[in-house]
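Engineer: Compute the structure for the input listed below.
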Amino acid sequence: MKVTLIEPKTPFINIYSAFIKQLPLLGPIYLGTILKNAGHDVVIFNENMKDIDYDRIKDSDVVGISIMTSTAPRGYEISQKVRELNPRARVLIGGSHATFLPEEAAEYADNVVTGEAESVIIDLVEHRSSEKIIAGKPVENLDELPFPDFSLIHGLEKRKVTPVSTSRGCPFDCTFCSVTAMFGRKYRYRSTDSVIKELSRMKHRKIFFYDDNFDANKSRTSELLHKMIRHKITPPWIAQTRASVTRDEEFVKLMSKSNCWQLCIGFESLNPDSLKKYNKKQTPDDVKNCIRVLHKYKIRVHGMFISDGYTDIYNKIGVDSLQLCVLVPLIGSKLYTAIKGSGRLITDRFPNDWKLFDGGHVVHWPDSLSPAEMQRQTIKALGAYYSRANVAKLFLQGKFQSFAIRLMGHNVLKKWKAQNKDYDKQLSKVKYVNQTPGFLRGKL
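Structural biologist: This is a model prediction of the structure:
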């Protein structure tokens, strides 16, 4: 069978826009590899990398679309176009958004797969199912998954970064996060031998470990890093961790020795009350100490924060790059349930408005500021960090890599403002009827 898998493009420019062309979702690639190994003719289109070739879709027997909340509207648009071009093709929709809102996704698909689809994808492609919504099953033994075949991605000629996943799940259950709802609170790990075998297949310019918390099991991660050193697989690598990663300085030394280039760390806030609200189990001192220790070992810090309004603290604490998002009530998170239940969402034109749930747009009434003020102060904070003065300072200091990243951030923010110039005006129309959360007027 001819199978086309699609990752829809992100709706708005953001700080990751320059990198996302090299960082595809691994879910569609795992599914495509499984189907290819089963004898099917598979191609993957990632719209962040290259436009879809609809001539291919005209001949496809099955088209699978993987959607996150912010890409759901675009995914539904693609589905409708597929049905117009090729009425005989079956459309499958999966991904995190479809997992949490399968009934919505089912309006645009022949079948919707919730959860992890690897165990059901072959049967679903080869046999028509009378069930509209099909539950996937967690992959208990991740070593059984094939190594992802990136050659299936149309238009991906050279990769600057190799994405690698070594685990699934997260036990921390932060209130704003939907990872545990999607993958469970129990960590599932690939064996370190399996990871080394995957890494040994090719040369890498950089490696990005996609795990939600790469250092969750330090003994296991240490084993992997030692094997990378022993097998001489030490290109610059990036991973996502928590601030607690630096509590064990010997572990940080090992990361540095294995050529850790950068850590992307979910600090979230330097406000103690906010950290408690998010259930982060860390303090502002933990954040500052983490940055200090990583810089001691020449490891760059990409600080990921949730906006509390305007502050210039990000310059003072010394993160090398900044990802500052407004608090988004993600589908599947405890926060979404609470915000929706209290009537504090300020937009309800779904599914179209799901595109606003991308971390760049205020979509609910915050605790401390009006939506419009939160939006303005967040952009002001980003502007202070990615200012021309800070860009120039890095250039004059000879820190050319940091200069390039800061300049990119400056340009991205400028484009974002142009792309969203009317959004602040729309937010200004949202008012409380009274001071009781849950009673709003003038929705977007």
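
Engineer: alpha carbons only for contacts and neighbour counts from here, please
Structural biologist: Fine.

Engineer: which stretches of the stretch 151-300 of the chain have low pLDDT?
Structural biologist: Residue ranges of the stretch 151-300 of the chain with pLDDT under 70: none are present.

Engineer: show me where it has helices.
Structural biologist: For the stretch 151-300 of the chain, applying DSSP state H, counting those that start in this stretch gives helices covering 179-183, 192-199, 218-230, 249-257, 272-277, 284-296.

Engineer: Now mean neighbour count and distance to residue 263 too, for those, in JSON lines please.
Structural biologist: As requested, the helices of the stretch 151-300 of the chain are exported to JSON lines (neighbours: other C-alpha atoms under 10 Å; distance: least, C-alpha to C-alpha, whole Å):
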{"stretch": "helix 179-183", "mean neighbour count": "20", "distance to residue 263": "19"}
{"stretch": "helix 192-199", "mean neighbour count": "16", "distance to residue 263": "19"}
{"stretch": "helix 218-230", "mean neighbour count": "16", "distance to residue 263": "14"}
{"stretch": "helix 249-257", "mean neighbour count": "17", "distance to residue 263": "10"}
{"stretch": "helix 272-277", "mean neighbour count": "14", "distance to residue 263": "20"}
{"stretch": "helix 284-296", "mean neighbour count": "18", "distance to residue 263": "9"}
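
Engineer: Switch these over to TSV; also include distance to residue 392.
Structural biologist: Listed next are those as TSV, based on distance: least, C-alpha to C-alpha, whole Å:
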stretch	distance to residue 392
helix 179-183	38
helix 192-199	38
helix 218-230	37
helix 249-257	29
helix 272-277	33
helix 284-296	21
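
Engineer: of all those helices, which lies closest to residue 417?
Structural biologist: Closest to residue 417 of the helices of the stretch 151-300 of the chain is helix 272-277 (C-alpha to C-alpha; 27.0 Å).

Engineer: Domain map for this protein?
Structural biologist: 2-135, 160-306, 329-444 (automatic domain parsing).

Engineer: Ok, which of those domains comes nearest residue 312?
Structural biologist: That would be domain 329-444 among the domains of the chain, by C-alpha to C-alpha, at 6.2 Å.

Engineer: any chance of the domains of the chain in JSON lines, with distance to residue 142 too?
Structural biologist: Output for the domains of the chain, formatted as JSON lines (distance: least, C-alpha to C-alpha, whole Å):
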{"stretch": "domain 2-135", "distance to residue 142": "10"}
{"stretch": "domain 160-306", "distance to residue 142": "5"}
{"stretch": "domain 329-444", "distance to residue 142": "23"}
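
Engineer: looking at the helices of the stretch 151-300 of the chain, which is closest to residue 149?
Structural biologist: Using C-alpha to C-alpha, the helices of the stretch 151-300 of the chain put helix 192-199 closest to residue 149, at 10.7 Å.

Engineer: helices or strands next to the closest one in the packing?
Structural biologist: helix 218-230 (3 or more C-alpha pairs under 8 Å, 6 or more residues apart in numbering; DSSP states H and E).

Engineer: what's the angle from the helix it packs on to helix 249-257?
Structural biologist: 30 degrees (axes from the mean of the first three to the mean of the last three C-alpha atoms, to 10 degrees).

Engineer: Kindly provide the distance from residue 32 to residue 65.
Structural biologist: When distance is defined by C-alpha to C-alpha, to the nearest Å, residue 32 is 12 Å away from residue 65.

Engineer: which one of those two has more residues nearby?
Structural biologist: residue 32 (29 against 25; other C-alpha atoms under 10 Å).

Engineer: Next up, the contacts around that one.
Structural biologist: 5, 42-44, 149, 152 (C-alpha atoms under 8 Å, 6 or more residues apart in numbering).

Engineer: any idea which helix is longest in this protein?
Structural biologist: In the chain, taking DSSP state H as the definition, the longest helix is helix 400-419.

Engineer: any idea of the mean pLDDT for it?
Structural biologist: Averaging pLDDT along helix 400-419 yields 92.

Engineer: start the count at 25, not 1, going forward
Structural biologist: With the count now opening at 25, the last piece we talked about shows up as helix 424-443.

Engineer: Mind listing what's buried along it?
Structural biologist: 426-427, 429-434, 436-437, 440 (16 or more other C-alpha atoms under 10 Å).

Engineer: Format these as TSV; extra columns: distance to residue 375.
Structural biologist: Output for these, formatted as TSV (distance: C-alpha to C-alpha, whole Å):
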residue	distance to residue 375
426	38
427	39
429	34
430	34
431	34
432	31
433	30
434	31
436	26
437	26
440	22
